[in-house]
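Student: Attaching a predicted model along with its sequence, questions to come.
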Amino acid sequence: MEKGIRIVIADAGSTKTTWVLLADEGEMRLVGRGLNPYALNDDEIRAILSQDVGGEQWRGAQRVCFYGAGCRGEGAERMTRLLAEHFSADVCVASDLIGAKLALLGDADGIACILGTGANSGLFEGGELVASISPLGYILGDEGSGAVLGRRMLADYLKGQMPSRLLEKFREMYPHASIDEALRRTYREEAANRYLASFAPFAVENRKEQSVRDVILEEFNLFFKRNIRPYARPELPVCFVGSIAFLLREELLQAAASQGFRLGRVVRDPMDGLVAYHSCHV
């Protein structure tokens, strides 16, 4: 990193945003609220920026490198404008997929994926994104994501499709889960993806139960079939960032092998890789 340059790096999803300030005197980190421009309006984004990174030390940055969910097209334009307004700095906004690629692959070729609340994937060659299959979100796609695994756990519970011991465990873990709440939170309120993803920990905690394991493997197999196979590059490593990929790495490895792919790096949080990359390249 250039001497005297203060850089802010952000990795933002719908659930949380990890912020890092790089400066000569050291590194500062904090975890704030999610910042997805497709889920928030301008005033909501301004309020989060002011409350989470409104201190003088953050506003003194000369460069801001922001990688986030929903940061494509109009979403990226809005985030660029609002971040430049907040920081009065040079701002670079890219998708969370680009951030995952930098953290996982650096400048090498490979397939970078995200499996957290949502899902995404991209084929990178020569440092560039050459193909990306739209994940289509938690209703039409996002196979294997926290939102989809949580949706399936919740639906199985509400329909009584779990063994009795798992029904009781689910009831203890989520005592307020009900049909009325599920319908309201899923179809009438905002951030349904985060609501559904809140049930994914049940899948992680009970992954050794055969019925739950079957769901996890089914979703991971679908992820590879629908999002990775079309790239037709089985020789490249398939790498992942995200809590679901990290916590269910064993099941992810099994699904990759069954679909003829080689699992590469799997990390929970891309920030360490992003910090290392920008320390060398900015």
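Tutor: Cool, got the structure. This is a predicted model, so every value here is computed, not measured.
Student: going forward, measure contacts between C-alpha atoms and count neighbours the same way
Tutor: OK.
Student: The residue sitting furthest away from the middle of the chain and Asp42: what is the separation?
Tutor: The C-alpha centroid of the chain is most remote from Ser164, which lies 32.4 Å away (CA atoms, centre = their mean). The span separating Ser164 from Asp42 equals 46 Å under the rule CA to CA, to the nearest Å.
Student: what does Ala131 give?
Tutor: Computed as CA to CA, the Ala131 to Asp42 distance reads 30 Å.
Student: Sketch out the low-pLDDT regions of this structure for me.
Tutor: For the chain, the stretches with pLDDT under 70 are 1-5, 280-282.
Student: which residue packs closest to the most centrally placed residue in the chain, ignoring adjacent ones?
Tutor: For the chain, the residue nearest the mean C-alpha position is Gly116 (4.3 Å; CA atoms, centre = their mean). The shortest distance from Gly116 to any non-neighbouring residue, by CA to CA, 6 or more residues apart in numbering, is to Gly242 (4.5 Å).
Student: Touching, the one you found and Arg268? I think so.
Tutor: Yes - between Gly242 and Arg268 there is a contact at 4.6 Å, judged by CA atoms under 8 Å.
Student: Give me the neighbour count for the nearest residue to Arg262 once chain neighbours are set aside.
Tutor: By the measure of CA to CA, 6+ apart, the closest residue to Arg262 outside its immediate chain neighbours is Pro237, 5.3 Å from it. By other CA atoms under 10 Å, 17 other residues sit near Pro237.
Student: so which helix or strand takes in the nearest residue to Leu82 once chain neighbours are set aside?
Tutor: Among residues not flanking Leu82 along the chain, Arg46 sits closest, at 7.0 Å (CA to CA, 6+ apart). Here Arg46, judged by DSSP states H and E, is contained in helix 42-52.
Student: With Pro201 instead?
Tutor: Under the criterion of DSSP H and E, Pro201 resides in helix 200-205.
Student: which outside residues touch that helix?
Tutor: With contact meaning CA atoms under 8 Å, 6 or more residues apart in numbering, helix 200-205 is reached by 146-147, 149-151, 153, 170, 173, 212-213, 216, 247-248.
Student: In this structure, mark out all the strands, start to finish.
Tutor: For the chain, applying DSSP state E gives strands covering 7-12, 16-23, 26-33, 63-68, 90-95, 110-115, 119-125, 128-131, 237-241, 262-267.
Student: Out of those strands, which one sits most buried?
Tutor: Mean neighbour count (mean count of other CA atoms under 10 Å) peaks for strand 110-115 among the strands of the chain, with a mean of 27.
Student: For that strand, which strands pair with it and how are they oriented?
Tutor: Using DSSP bridges, the strands paired with strand 110-115 are strand 119-125 (antiparallel), strand 237-241 (parallel).
Student: Taking strand 262-267 as reference, get the angle to it.
Tutor: Angle between the axes of strand 110-115 and strand 262-267 is 50 degrees (criterion: axes from the mean of the first three to the mean of the last three CA atoms, to 10 degrees).
Student: Give me the distance from strand 110-115 to the chain's centre.
Tutor: How far strand 110-115 lies from its chain's middle: 10 Å, per CA atoms, centre = their mean, to the nearest Å.
Student: Identify all contacting residues around that strand.
Tutor: By CA under 8 Å, 6+ apart, the residues outside strand 110-115 that reach it are 97, 100-101, 104-105, 119-125, 144-146, 236-245.
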